[in-house]
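Engineer: A structural model of the following input is requested.
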Amino acid sequence: MEIRPILSTLRRHKTAAALIVLQVAVTCAIICNAVFLIAGRLEAVNRPTGIDEAGMVRIQLTGIGQDANPMVATREDLAALRAIPGVIQAASVNQVPLVSSSWNTSIGTAPGQVQPTLNATMYMGGPELFETMGLQLVAGRAMAADEFQDYDQEEGFRGITPSTAVVTRAFAERVFPDSDGFGVGETFYFGEDPVRIVGVVDTLLRPNFSSISDDPGYSMVLPVAVPYTLGGNYLIRTTPERRAEVLEAAVRTLKERGGSRIILEQQTYDEMRDDYFAQDRAMAWLLLAVILALLVVTALGIVGLASFWVQQRTKQIGVRRALGATRGQILRYFQTENFILATAGIVIGMVLAFGLNQLLMERYELARLPLVYLPVGAVALWLLGQFAVFWPARRAAAVPPAVATRSV
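Structural biologist: Coordinates of the predicted model:
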């Protein structure tokens, strides 16, 4: 089909054509970024934390007043929890994944380093923590029993002086990129204190990792047994089918033991994940609604313009039909015209998409928009344009030559 007559017609209707191009461009820019944001949110919602979530339950508790010896009470609690039928292991830990706060510290590769190499999160627990979480080693070993120390309530954070640690693969690759064996045997520093890496796990996310950041999970597990008064988290590992039963029995056991403790929360990890990502799911649905609304508005704009042009060009269509143009040729004329307008809008929209993404990167620390989202948006708008123009074009193709030429 000749493009020149179409371009000539569009030049005579510059305002209407420009409005459709602008509408397609804005829609393309917003859709590309919105789909990217939705994909990022869904990826975060389904991102594994690195622990055995399927069989994990968590009880969060706090103390009333001063406990004379919280470490002893914690060990007795854990022994009682492990005695519950169906419990594989139980541990007290200072923090857990998928909560709103975390314990973080700067580490370096030299003692007293002024500019830290990395900011990492600290998981602390006794010898049973590794098995309770179900962490999977990719190199090295877990901490040995003689490497653990008890958290000192009097000394607090200053009293933490671990000699060994298990870190995540992301941690090891960032701090020791040239090391063989994922950094096992390397030493990093807690201020002035050296800590030797004895093992590396594939994944262990920061407790409050953000769905809009690209934090790969800079985490470390330190051999520091903690009482229930530090973080207040009892993790219990069981089989997926027994989680509800074990959680109920665990809460009952802790209540029967009495003491100066209050149970704040009792959840399976599925429930924790649902709560933590509730806003992300809501945002994804909101963005999806925006996309659908934009597509509907754009489609209605294309339908309205095409219908207007069909009405304005009835005489021209009739002449072409009288000169032998088939219905298929009339249909293809309007579809080609729409394709040209959509293409112009998509090209402009891609530039706007990158501009919008740059703004989001600067204001909200989002990642750069991958190029793959541009052809996805382009194809969607091309298909939408062809679908929207089909019915007005079909109506144009059905104009009888005799009726159209009666006024010529």
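Engineer: When you work out contacts or count neighbours from here on, use the C-alpha atoms and nothing else.
Structural biologist: OK.
Engineer: and the closest residue to R237 other than its chain neighbours, how many neighbours?
Structural biologist: Of all residues not flanking R237 in the chain, M56 sits nearest, at 4.7 Å (Cα to Cα, 6 or more residues apart in numbering). The number of residues packed near M56 is 28, by other Cα atoms under 10 Å.
Engineer: Next: R169.
Structural biologist: Neighbour count for R169, taken as other Cα under 10 Å: 24.
Engineer: buried stuff in stretch 59-74?
Structural biologist: Buried residues in stretch 59-74, counting neighbours by 16 or more other Cα atoms under 10 Å, are found at I59, Q60, L61, T62, G63, P70, M71, A73, T74.
Engineer: Surely the residue nearest to R237 touches Y234?
Structural biologist: No. Using Cα atoms under 8 Å, M56 makes no contact with Y234, being 10.4 Å away.
Engineer: where does the nearest residue to G183 once chain neighbours are set aside land in three-state SS?
Structural biologist: With Cα to Cα, 6+ apart as the criterion, G183 has its nearest non-adjacent residue at 5.4 Å, and that residue is A172. Following DSSP: H, G, I helix; E, B strand; the rest coil, A172 is assigned to helix.
Engineer: any idea how far E192 is from A172?
Structural biologist: 19 Å (Cα to Cα, to the nearest Å).
Engineer: Please say which of the two ends up with more neighbours.
Structural biologist: A172 (26 against 14).
Engineer: so what's the more buried one scoring on pLDDT?
Structural biologist: pLDDT recorded at A172 is 93.
Engineer: Distance of it relative to L137?
Structural biologist: From A172 across to L137, the span is 13 Å (Cα to Cα).
Engineer: so what's in contact with these two at the same time?
Structural biologist: Taking Cα atoms under 8 Å, 6 or more residues apart in numbering as the criterion, A172 and L137 both touch V200.
Engineer: show me where this structure has strands.
Structural biologist: Shown for the chain, the strands assigned by DSSP state E span residues 56-63, 89-93, 104-107, 118-124, 137-140, 149-150, 164-168, 187-190, 193-201, 219-222, 224-225, 233-237, 261-268.
Engineer: Distance to I346 added to the ones you listed, as CSV?
Structural biologist: Output for these, formatted as CSV (distance: least, Cα to Cα, whole Å):
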stretch, distance to I346
strand 56-63, 48
strand 89-93, 52
strand 104-107, 45
strand 118-124, 42
strand 137-140, 46
strand 149-150, 62
strand 164-168, 43
strand 187-190, 51
strand 193-201, 45
strand 219-222, 43
strand 224-225, 57
strand 233-237, 52
strand 261-268, 46
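Engineer: can I get these in CSV with mean pLDDT?
Structural biologist: Listed next are the strands of the chain as CSV, based on pLDDT from 0 to 100:
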stretch, mean pLDDT
strand 56-63, 92
strand 89-93, 96
strand 104-107, 89
strand 118-124, 92
strand 137-140, 94
strand 149-150, 92
strand 164-168, 96
strand 187-190, 90
strand 193-201, 94
strand 219-222, 95
strand 224-225, 94
strand 233-237, 96
strand 261-268, 90
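Engineer: Look at P370 and report its pLDDT.
Structural biologist: Note on P370: pLDDT of 87.
Engineer: show me the contacts for it.
Structural biologist: Contacts of P370 by Cα under 8 Å, 6+ apart: none found.
Engineer: how close does the residue nearest to G183 get to T121?
Structural biologist: 13 Å.
Engineer: same check, this time on T62
Structural biologist: Note on T62: its distance to T121, by Cα to Cα, is 22 Å.
Engineer: For Y151, which non-adjacent residue is spatially closest?
Structural biologist: V226 (5.3 Å).
Engineer: quick one: contacts for the residue nearest to G183?
Structural biologist: A172 makes contacts with F182, G183, V200, as judged by Cα under 8 Å, 6+ apart.
Engineer: domains in the protein, as residue ranges please.
Structural biologist: 4-46+279-402, 66-259 (automatic domain parsing).
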